[in-house]
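Undergrad: got a sequence here, can you build the structure:
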Amino acid sequence: MIAEEILKSKLFTLDTLKTKVEQWKLNGEKIVFTNGCFDLLHVGHISYLAAASALGSKLVIGLNSDASTKRLKGPTRPVNDAHSRTIMLSAFFFIDAVVLFEEDTPLITIQTLLPNILVKGGDYNISQIVGAKAVVDNGGEVKVIDFVNGYSSTNIIEKIKKGE
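TA: Model (predicted):
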């Protein structure tokens, strides 16, 4: 199945991705990292991810595992399991790597990869962004990208429940 081939080329364990990121950096690539659950992909996600990818030459996604998503979003989430979410993210041409993390935050992943640019969406203050200190201390940057208003997985789920 073609989706499985795409997945195999972009899904990494943290150790394997660390080696890949180090290779990319040696080749002069600028590594951008962002993270999330990305449960039900929507226009807001796509806009945000495309904007993040434009900040560098390689975009790495830290994806919350199913257990991590459940802890953050509640017992009915995720709607799509990690395998499905990973395939959907891997299908985007502007995403170069996906790595799952089990923790509630991607701090260990960020500290391991030390991307050139750490990106979050929304109204965060840089001091509130998990991993910002590690990235800045390593000479990197932290950027905040505005969300596209009106789009969220939670809103989509509510619309479905109401039969809209």
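Undergrad: what's the span of stretch 34-54 from first residue to last?
TA: Taking Cα to Cα, to the nearest Å, the first and last residues of stretch 34-54 lie 12 Å apart.
Undergrad: so which residues of the protein form strands?
TA: Applying DSSP state E to the chain gives strands spanning 11-12, 31-36, 58-64, 97-101, 117-121, 141-145.
Undergrad: so which of the ones you listed is nearest Ser84?
TA: Nearest to Ser84 among these is strand 58-64 (11.0 Å), distances taken as Cβ to Cβ. The way it works is simple: take the backbone N, C-alpha and C, and place the C-beta from them, glycine included.
Undergrad: residues of that closest one that come out buried?
TA: In terms of neighbour count (16 or more other Cβ atoms under 10 Å), strand 58-64 has its buried residues at Lys58, Leu59, Val60, Ile61, Gly62, Leu63, Asn64.
Undergrad: next one: stretch 43-57
TA: Quick answer for stretch 43-57 (16+ other Cβ under 10 Å): Gly44, His45, Ser47, Tyr48, Leu49, Ala51, Ala52, Ser53, Leu55, Gly56.
Undergrad: okay, and which of the residues you listed map to helices?
TA: Gly44, His45, Ser47, Tyr48, Leu49, Ala51, Ala52, Ser53 (DSSP state H).
Undergrad: and which of the residues you listed is nearest to Ile129?
TA: Ala52 (13.2 Å).
Undergrad: if we can go back for a sec, biggest separation within the buried residues of strand 58-64, which pair?
TA: Using Cβ to Cβ, the pair of the buried residues of strand 58-64 lying farthest apart is Lys58 and Asn64, separated by 20.6 Å.
Undergrad: sort the buried residues of stretch 43-57 by pLDDT and name the bottom one.
TA: In terms of pLDDT, the lowest of the buried residues of stretch 43-57 is Gly44, showing 86.
Undergrad: run a quick check on that one versus Phe147, I expect a contact.
TA: Yes - counting by Cβ atoms under 8 Å, Gly44 touches Phe147, with 5.9 Å between them.
Undergrad: all set, thanks.
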